[in-house]
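Asks: Structure of the sequence below:
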Amino acid sequence: MAESKKETGRQARQAAAAEVEGTARETTRAASRGIEESADQQQEAMEEAGHRVERLAERQGEGMRKAARAAATAGERLAGDAADALTRSGMAVAKALQDAGRVWIELTQETMRQGIEATESMLHCRSIGDVMHIQTEYMRNSFDSFLDKGAKMSDISMRIFAEATLPLAEQLGREGGREGEASARR
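Replies: Coordinates of the predicted model:
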């Protein structure tokens, strides 16, 4: 009878151990599926963000082309020095806008790269803490990239203003000087 109780106890322990092991396996599988789904969702979100930025860059590119064409058309209508000044301004604006488009594309590429790296890192995580750490790093890096590219866009904007207005200001200064000379002759 003592042996049958021992046997029953041993069987109960084995059943409990098997149950705990099965539950642990299921928990691990569920966590893995959750991480994979999270990574897939993040990947999809990153791809969608990349597509949005690409569409924005394309629209900006079209705007750049329109601005360059408008500047070139206006330059053709004016005669002599005025046309030259507008052409230089338009070219400066077009070049700066191309630089701005390039910055947007760099931001898109960098964002996609960071997203892919974060997703790959998450697939190797062993705990929720690891996942949270990866997400925190990803957000920090994304924010830093956005700030860096934002500063570059601000610099480009200032350069657009300076380079676009300089030829016109020079032309106005020359024309103002000519008008002053003509008034003095009268």
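
Asks: Regarding residue 125, what is its secondary structure?
Replies: At residue 125 the chain is in coil, as set by DSSP: H, G, I helix; E, B strand; the rest coil.

Asks: pLDDT wise, what is the residue nearest to it when sequence neighbours are not counted at?
Replies: Closest residue to residue 125 apart from its sequence neighbours, by Cβ to Cβ, 6 or more residues apart in numbering: residue 131 at 4.8 Å. For the C-beta atoms, the positions are set from N, CA and C on the backbone; glycine is no exception. For residue 131, the pLDDT comes out at 87.

Asks: Work out for me the element residue 131 sits within.
Replies: For residue 131, the host element (DSSP states H and E) is helix 128-185.

Asks: do residue 96 as well
Replies: Going by DSSP H and E, residue 96 is part of helix 80-123.

Asks: so what does that helix touch, helix or strand wise?
Replies: helix 2-77, helix 128-185 (3 or more Cβ pairs under 8 Å, 6 or more residues apart in numbering; DSSP states H and E).

Asks: hey, least reliable of those by pLDDT?
Replies: Among the helices and strands packed on helix 80-123, helix 2-77 scores lowest, with a mean of 69.

Asks: Hmm, the residue nearest to residue 125 is touching residue 121, no?
Replies: No. The criterion here is Cβ atoms under 8 Å, and residue 131 misses it with residue 121 at 9.1 Å.

Asks: returning to what we had before: for the residue nearest to residue 125, grab the count of nearby residues.
Replies: Per other Cβ atoms under 10 Å, the neighbour tally for residue 131 reads 19.

Asks: What separation do you get for it and residue 144?
Replies: Noted for residue 131: a distance of 20 Å to residue 144, by Cβ to Cβ, to the nearest Å.

Asks: ok, now residue 156?
Replies: 19 Å.
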